[in-house]
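Participant: need a 3D model of the sequence below.
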Amino acid sequence: MCRNIRTLHHFEPPATRDELHASALQFVRKLSGQQKPAKVNEAAFNRAVEKVLAATQELFDALEVHGPPKDREVEKQKARTRGQKRDEQLRARLLAER
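Facilitator: I've put the predicted structure just below:
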C-alpha cells in the first residue's frame, strides 16, 4: 500500500471537498498509471475521479462513527513518530549489515 494514502474520515475539522478530490485524483492516477492522461483519455479520467469522489462522499455519509473525532495534529505526530521509528530500524539494519 502507498504510504501517501491518509485516512480522511472522522476528523475535526472534517475533510474538505478539495481534500477528497485530491484523494480521488491520487487513486485514479495510481490505478491508471497515468499522472496526466492523454487528451483523448481526459474525459474518461475526469469521470473516474468524479465517480470515486462521489463514492467516497457516499461512504462517509453512510458510516456510523463511535467516539470523538480524531485530531489532525495528534495523528500527524503519530505518523512522524512511526516514520522516525521506521528510519531508526532501517539505519540499524544497514549498520548491522556492514
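
Participant: domain-wise, how is the chain divided?
Facilitator: Under automatic domain parsing, the residue ranges defining each domain of the chain are 9-67, 71-98.

Participant: dump those to TSV, plus mean pLDDT and mean neighbour count.
Facilitator: All C-beta spots, glycine's among them, are computed from the backbone N, C-alpha and C. As requested, the domains of the chain are exported to TSV (pLDDT from 0 to 100; neighbours: other CB atoms under 10 Å):
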stretch	mean pLDDT	mean neighbour count
domain 9-67	95	13
domain 71-98	93	10
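
Participant: show me the contacts for the residue lying closest to Pro69 once chain neighbours are set aside.
Facilitator: In space, not counting the residues next to it along the chain, Pro69 is nearest to Glu12; the distance is 3.9 Å by CB to CB, 6 or more residues apart in numbering. Counting by CB atoms under 8 Å, 6 or more residues apart in numbering, Glu12 makes contact with 68-72.

Participant: Leu20 contacts Leu8, correct?
Facilitator: Yes. In this structure, Leu20 is within contact of Leu8 by CB atoms under 8 Å, at 6.5 Å.

Participant: thank you, goodbye.
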